[in-house]
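Q: Predicted structure and sequence below. I'll ask about it afterward.
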Amino acid sequence: MSGPIAKPTIAEIEPYKAGKAKAAGFDKPIKISANENALGCSPAASEAYRALANVLHVYPDPQANALREALAQKHSLEPAQLIFGTGSDEIFSMAAQAYLNPGDEMVQPQFAFAAWAIAARAAGANVISAPERDYTVDVDAMLAAITPRTRMMFVANPASPTGTFIPFAEIKRLHAALPENVLLILDGAYAEFAERHSDFDSGFELARNASNIIVTRTFSKLYGLAALRLGWGYANPTIIQTLNKIRLPFNASSGAQAAAIAALNDTDFSARSLARVEAGGAQLSAFLRELGLTPLPAFANFVTVRVPKSAPLIALEIERALAERGILVRGLQNYSMPDCLRITIGTEAEMQALEQALRAILRA
């Protein structure tokens, strides 16, 4: 029996694949596959979430006004130029629905976050991937990929799944060369982890008055609120008004809003999380080099590592061997990086367990 037929661009979509969460034989494996905060979340955020347990029958504030004001104050932004989504993924989808027509093109780097292509193809657009240079966004290649059909471009800085980043001067050069009718989306999911670098910039000031930029952020990474699915974006009023026309009502739950405000105010937890990532990332990269592997420059809360041909096992075999020991890392075969693994920076105990397991696996 035949039924409704999906649009061809929908049929071509590969569903998003999340980092593995289960390992056979282990009730609680070490999960360093999804770039979650090793320290959990702010205790204040947990308490703010629990405090709403008796008002679950009440709809959330559809405009997230208290959170809007808190974010605006923290980042010196205009409250009216903010928009919220069920994770930044929803903002990507809203932007694609609003600005991409069937047959249009979206340009992204070669190694790009999978949700971007899903959003573009769902809107009927074609996805063009520009070559990277040493696993880093190549601005010249991105610009060369633009055609008369290009209407949108995505860049994450720092990037996932690679963890690399480009100086903000390159972002400005990219934007300056874009046609005005091409929307640039700067995905800042990992931005907080790169802010310590002098040549990094959030992009907020560039987006404040530009007619064609959206900067997105998430509460899933630094703030450890991945389960609550809350992202936000900043753009000029015209873009925000357009996205709000199709934003689903009540898309930021009351619990997510309350927890996010508390997380923003808990600067001690944020500082400890950043310190853990900085120290753990340096230690992990040094250890991987000691084993003869090749970690990419890391500017996020994970390290992506290449497994050279000279290694005793290929990346997939290492991933499986670690899973057999109850340690989950992210293989990157579906990102066309079959020789790479992405490893979240976990707790000290988790990193010690990883080191012991990798030594045993690679030196067996």
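A: Thanks, I have the structure now.
Q: And the lowest-mean-pLDDT helix or strand in the chain, what does it pack against?
A: Counting by mean pLDDT, DSSP states H and E, the weakest-scoring helix or strand in the chain turns out to be helix 8-11, with a mean of 84. Applying 3 or more C-beta pairs under 8 Å, 6 or more residues apart in numbering; DSSP states H and E, one finds that helix 8-11 contacts helix 114-122. Using the backbone N, CA and C atoms, a C-beta is placed for each residue, glycine as well.
Q: Name the residues of stretch 161-181 that are buried.
A: Pro161, Thr162, Gly163, Thr164, Phe165, Ile166, Phe168, Glu170, Ile171, Leu174, His175, Leu178 (16 or more other C-beta atoms under 10 Å).
Q: For the lengthiest helix in the chain, what does the pLDDT average out to?
A: With DSSP state H setting the assignment, residue counts place helix 267-290 as the longest helix in the chain. Here helix 267-290 scores 97 as its mean pLDDT.
Q: Contacts for that helix, please.
A: For helix 267-290, contacts defined as C-beta atoms under 8 Å, 6 or more residues apart in numbering pick out 37-39, 41-44, 192-193, 196, 222-224, 263, 294-295, 298, 300-301, 303, 305, 343, 345-348, 351, 354-355, 358.
Q: Check stretch 189-199 too.
A: 35, 88, 113, 156-160, 163, 165, 167-169, 200, 202, 216-218, 220-222, 270, 274, 277-278, 299-301.
Q: mind running it again at 6 Å?
A: Outside stretch 189-199, the residues that touch it by C-beta atoms under 6 Å, 6 or more residues apart in numbering are Pro158, Phe165, Pro167, Phe200, Ser202, Thr218, Lys221, Leu222, Val277, Phe299, Ala300, Asn301.
Q: What is the end-to-end distance of that stretch?
A: 18 Å (C-alpha to C-alpha, to the nearest Å).
Q: Okay, now the sheet partners of the helix or strand following the least confident helix or strand of the chain, with direction.
A: On the C-terminal side of helix 8-11, the closest following helix or strand by DSSP states H and E is strand 30-31. Strand pairing for strand 30-31, determined by DSSP bridges: strand 327-328 (parallel).
Q: Report all helices and strands that the helix or strand just after the strand it pairs with contacts.
A: For strand 327-328, the following helix or strand on the C-terminal side (DSSP H and E) is strand 330-331. Applying 3 or more C-beta pairs under 6 Å, 6 or more residues apart in numbering; DSSP states H and E, we find strand 330-331 packed against no helix or strand.
Q: if we go to 10 Å?
A: Applying 3 or more C-beta pairs under 10 Å, 6 or more residues apart in numbering; DSSP states H and E, we find strand 330-331 packed against helix 315-324, strand 340-344.
Q: Check the contacts of helix 267-290 for burial and list the buried ones.
A: For the contacts of helix 267-290, buried by 16+ other C-beta under 10 Å: 37-39, 41-42, 44, 192-193, 222-224, 263, 295, 298, 300-301, 303, 305, 343, 345-346, 351, 354-355, 358.
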